[in-house]
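Peer 1: coordinates for the following, if possible.
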Amino acid sequence: MNRGEIMAVRQIVRIDEELCNGCGACVTPCAEGAIALIDGKARVVREGLCDGAGFCLGVCPTGALSIEVREAAPFEEQAAEA
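Peer 2: The predicted structure follows:
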């Protein structure tokens, strides 16, 4: 995120690192590519790609994913489509 970039209050995926077992089940349902495995844990790699739809939540076997409403980078629809 660049300085001065406008933030928005919106729904975004939160990943509890303590609960994440690194299985990667959440990566595929994320059509926007916002989630990736990094160092054995699922991470939101770019907040602007997360649309907050939550398709990843139901596939997590440990319940590590949730949706929270907070200030985050605005959803980048064109980047997500690419």
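Peer 1: CA atoms for contacts and neighbours, from now on please.
Peer 2: Will do.
Peer 1: where does pLDDT dip in the protein?
Peer 2: The chain contains residues with pLDDT under 70 at 1-5.
Peer 1: helices of that one, start to end?
Peer 2: For the chain, applying DSSP state H gives helices covering 77-81.
Peer 1: can you show me the strands along it?
Peer 2: With DSSP state E as the definition, the chain shows strands at residue ranges 8-15, 35-38, 41-44, 65-72.
Peer 1: let me have these in JSON lines, extended by mean neighbour count and distance to residue 50.
Peer 2: JSON lines is the format used below for these (neighbours: other Cα atoms under 10 Å; distance: least, Cα to Cα, whole Å):
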{"stretch": "strand 8-15", "mean neighbour count": "18", "distance to residue 50": "6"}
{"stretch": "strand 35-38", "mean neighbour count": "18", "distance to residue 50": "8"}
{"stretch": "strand 41-44", "mean neighbour count": "20", "distance to residue 50": "8"}
{"stretch": "strand 65-72", "mean neighbour count": "16", "distance to residue 50": "10"}
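Peer 1: can I get these in a markdown table including distance to residue 59?
Peer 2: Formatted as a markdown table, the strands of the chain follow (distance: least, Cα to Cα, whole Å):
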| stretch | distance to residue 59 |
| --- | --- |
| strand 8-15 | 13 |
| strand 35-38 | 13 |
| strand 41-44 | 13 |
| strand 65-72 | 9 |
